[in-house]
Structures are given as C-alpha cells and as structure tokens.
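Asks: From the sequence below, what's the structure:
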Amino acid sequence: MALQLQDIAWHRTVGRLIDQLDKPVFWPALLGVLADYVAFDSWVVLLFFPERPPLVLAEQAMADGGVDTLFQDYLQGLYRLDPFYVASLEHRHAGLLRLDEVAPDRFPFTDYYQRYFSLNIVEDEVQFNLPREDGSTLCLSLGAGQRFSPSQMATLSLLQPWVMALMRQRLHFEQASTAKPLAVTHAAVHGGLEGQGLTLRENEVAQLMLGGHSSKAIAQRLQISVETVRVHKKHLYSKLGINSQSELFSVFLRASRT
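Replies: Residues are numbered from 1 along each chain as shown. Predicted coordinates for the structure are as follows:
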C-alpha cells in the first residue's frame, strides 16, 4: 500500500502515536502502523553501546511465548559481529540503513550469517538509527523473509522523518522508566575472544574475519599487508588449536555463552 501525503488516516494515526509516547504500548503501536505500509516478519528495538551489550527496549513476541535462544546468543556476544552494530560505532549514521549498505564483502558466507542471521532475520534487514550524544545508538530494526522492494524502501524513506522524530521523543520516557539514565557505562564487554590468549591485533583480525571481511578488506581496514593478515590468522588458529573459520566461530560462540 503506497502512502499518500493527503492520506487522512495517516495523519490521524500519527496523532494517536504521539498520544501513546509515554505508554508501554508505544513500540507495538508504532510497529503496527509500519506494518500497514510495509510488510516485515520481525522487529526489535535496541540501544547499542560502545562498551557493553545492547539493551532491548522492545521486541516482537515469540509465537509460542517462549524465549528466543538465538536472540539470547546475539545479546551475549554475537551482536559484535552484527554489521549494524559495527556501523553504529564506526559511522554514527542517523536515519534509515539497509543491510547491503553496512555488510562486509563476505558477510553471506560467514558462520554468523549461516547459523544465526539466516535463521533469525532470514533474508533482509533495515534499521532506523538514532545516534545519541553519549555514544549509544537507538535502533529500530525490521527483518524480512524476502528483500525489501524498491517501493517498500521508498515508503520507509518517506516515513523516516516521522519515525525518527517519534523515536527521539520516546527516549525521554524510556529513560524515565528505568532506575538509572540510559547512559554508556564502562562495564566490561562480555563475549568475544578476550581471555583466549590472543594479541590485540589477532583479536581484531579474528573478529573481522567472523564479521565477513576478506583478507584484502581486513588489510585495508587495519592498514597492514594481506600477507601480515595471513600471518595473524595462522598464529591465532595455532593458539586456539583450530583449523577453520567455522571452528573459530564455535570458539567465539562458546566464549560468549560463558
């Protein structure tokens, strides 16, 4: 359904959303409105932080009312391989982003994609991102079982100013509903390969590999040669007693769960 500027129902809907800004039903109400215009299969609202795991502000309920174990793995450490999370730290982009815009060159071939993303998100993802002065980023994520079409992306772009404004105002009430302000802390980040005996550079190489960066892309990002990347890869494999990137992902996942 295409959104028309003269659509009276849309203006009435925005009025209701503004009235619900301070209520627990706000996020489901907002997502219900978005679903009237663009089809998606999953959604979640997160706060990304540079130095600690994401904070879930709202999420789509499981059909059986149970706990999504895959999403728990994400919160415990896999988020560090999420292209949107990495982009929130490196680029601080405000507005609508699509997976294609932030994913590394080999992302579809990673174990993260095969063993988590393709099962949880399925095919495509977009996010409305709102960076905050404290370094965190408020994210509204929409996942779909098929690629968002050009017309759907155009509709989301048209809705973007409204959605971003509502997200910005909702943050005041999210802060008021918590025991302490939603600010970045210096608590230790859980998960990853810390404590595995790797050097800082080896850990960087490992995480970039797991995120879907090729050796050439890693070399460009770290400003080292491709051969040096291969040396780091050989050393970290030896230290961890593994022989493949799939085994590296398993080590990362186990570390995240401890």
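Asks: What distance do you get for the residue nearest to Arg201 when sequence neighbours are not counted to Pro108?
Replies: Nearest non-adjacent residue to Arg201, counting by CB to CB, 6 or more residues apart in numbering: His232, 6.0 Å away. C-beta coordinates here come from the backbone N, C-alpha and C atoms, glycine included. Distance, His232 to Pro108, using CB to CB, to the nearest Å: 24 Å.
Asks: quick one, which of the two is more surrounded?
Replies: His232 (23 against 12; other CB atoms under 10 Å).
Asks: on contacts alone, who are the packing partners of the strand or helix carrying the more buried one?
Replies: Secondary structure assignment for His232, by DSSP states H and E: helix 226-240. With contacts defined as 3 or more CB pairs under 8 Å, 6 or more residues apart in numbering; DSSP states H and E, helix 226-240 has these neighbours: helix 200-211, helix 215-222, helix 245-257.
Asks: Pick the most buried one from the ones you listed.
Replies: The highest mean neighbour count among the helices and strands packed on helix 226-240, using mean count of other CB atoms under 10 Å, belongs to helix 200-211: a mean of 20.
Asks: tilt between that helix and helix 245-257?
Replies: If you take axes from the mean of the first three to the mean of the last three CA atoms, to 10 degrees, helix 200-211 sits at 110 degrees to helix 245-257.
Asks: contacts for helix 200-211?
Replies: The contact list for helix 200-211, computed with CB atoms under 8 Å, 6 or more residues apart in numbering, reads 80-81, 83, 86, 104, 107, 110-112, 192-194, 196, 198, 217-218, 221-222, 229, 232-233, 235-236, 239, 245, 248-249, 252.
Asks: pretty sure Thr110 is touching Gly212, no?
Replies: Yes: the criterion here is CB atoms under 8 Å, and Thr110 meets it with Gly212 at 4.5 Å.
Asks: Pretty sure Arg132 sits against Cys139.
Replies: No: counting by CB under 8 Å, Arg132 does not reach Cys139; the two are 11.0 Å apart.
Asks: The two: which has the busier surroundings?
Replies: Cys139 (23 against 18).
Asks: Against Ser250, how distant is Leu222?
Replies: Leu222 is 24 Å from Ser250, by CB to CB.
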